[in-house]
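Peer 1: Turn this into a structure:
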Amino acid sequence: MTTIRIEDYLNETAPEAYVSCDPGDEARLREAALYCCFTAVELAGEQFLSPGDIRDLLVRHYGFRPVTTESCDVELDVSMEQKLYKIMGRPTVALSAFRDRHAASHPTVRPDIDLRFSAAVGRG
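Peer 2: The predicted structure is shown next:
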């Protein structure tokens, strides 16, 4: 098993979260995490998912496993990863392709993210 630490350098106050995957499944985990992040931005504008929210979505919708340890094999900084899919602030073709693929294969992710933000607004 590979343990991955999810962090967001733009949100320094959010605690890191840990998730594990099979050694050959790291690319799928990264792409799924980014799909969750980009979907959140699309739904809520400036409101972001925390690393813990991302972990919960990966566990619930993609079958990855949560880990409580603070040691990791790989780091996933979602802010840095998102930059790979944009050129001068505009989405790349690769972003559109994996968004479409994830939306089709995991249709419950988007409503779950929307529900999280609706609950957060209702608490305020």
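Peer 1: wait, what's in contact with the residue most central in space within the chain?
Peer 2: When CA atoms, centre = their mean is applied to the chain, the residue found nearest the centroid is residue 33 (2.6 Å). Residues near residue 33 by CB atoms under 8 Å, 6 or more residues apart in numbering: 6, 54, 58, 76, 78, 81. All C-beta spots, glycine's among them, are computed from the backbone N, C-alpha and C.
Peer 1: in which helix or strand would I find it?
Peer 2: helix 26-44 (DSSP states H and E).
Peer 1: Can you show me the CA trace of that helix as CSV?
Peer 2: Taking Å, rounded to 0.1, in the frame of the first residue of the first chain, the C-alpha atoms of helix 26-44 are listed here in CSV:
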residue,chain,number,x,y,z
GLU,A,26,-1.6,6.6,-7.4
ALA,A,27,-2.4,8.3,-10.8
ARG,A,28,-6.1,7.5,-10.4
LEU,A,29,-6.1,8.9,-6.9
ARG,A,30,-4.4,12.2,-8.0
GLU,A,31,-6.9,12.6,-10.9
ALA,A,32,-9.9,11.9,-8.6
ALA,A,33,-8.7,14.4,-6.0
LEU,A,34,-8.3,17.0,-8.7
TYR,A,35,-11.7,16.3,-10.1
CYS,A,36,-13.1,16.9,-6.6
CYS,A,37,-11.2,20.2,-6.4
PHE,A,38,-12.1,21.5,-9.8
THR,A,39,-15.8,20.5,-9.2
ALA,A,40,-15.8,22.4,-5.9
VAL,A,41,-14.4,25.6,-7.6
GLU,A,42,-17.0,25.3,-10.3
LEU,A,43,-19.9,24.9,-7.8
ALA,A,44,-18.7,27.4,-5.1
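Peer 1: Many thanks, we can stop here.
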